[in-house]
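Asks: Predicted model and sequence follow; I will ask about them next.
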Amino acid sequence: MPQPYPRFHPGPCGGRLDGFSERGARELARRIREAWAKIGWDVEVRVERIASEELEDGRSIAHFTVRSDLVNGLPHRRLETRSEKPTETPMNGAAARPQRRAA
């Protein structure tokens, strides 16, 4: 049975990937996009600049983040295939269903 979603690794990325640098954020976005595409889902992932930090020596460092169009952690668009039209149906309907909030 095929896996319905990529493996989830909570917390920071393993290895030397710095998700706050522009280079690291772009690599993380690429990995997310490719993991979902591998199992047939189209996920929009983008890198955004979130802050800059001034250093004592006059230089500044920019911080970046990765944002996506996942809804409750799930995609909502299948990748287009040549023989089919794109569908807008969520995986098992989970992304379209309104979520109840805990009281």
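Replies: Arrived safely.

Asks: Show me the shaky parts of this structure.
Replies: The model of the chain has pLDDT under 70 over residues 1-2, 9-15, 81-103.

Asks: switch to 90 and redo it
Replies: For the chain, applying pLDDT under 90 flags the ranges 1-21, 24, 28, 39, 51-63, 72-74, 76-103.

Asks: Can you show me the strands along it?
Replies: With DSSP state E as the criterion, the chain has strands at 45-54, 60-68.

Asks: partners of the last one in the sheet?
Replies: What that stands for is strand 60-68. strand 45-54 (antiparallel) (DSSP bridges).

Asks: hmm, back to that, just the strands of the chain: most buried one?
Replies: strand 60-68 (a mean of 14; mean count of other CB atoms under 10 Å). For glycine as for every other residue, the C-beta is placed from the backbone atoms N, C-alpha and C.

Asks: tally of neighbours for W41?
Replies: 20 (other CB atoms under 10 Å).

Asks: Can you give me the distance of it to L17?
Replies: In this view, W41 and L17 are 22 Å apart by CB to CB, to the nearest Å.

Asks: And G40, by the same measure?
Replies: 25 Å.
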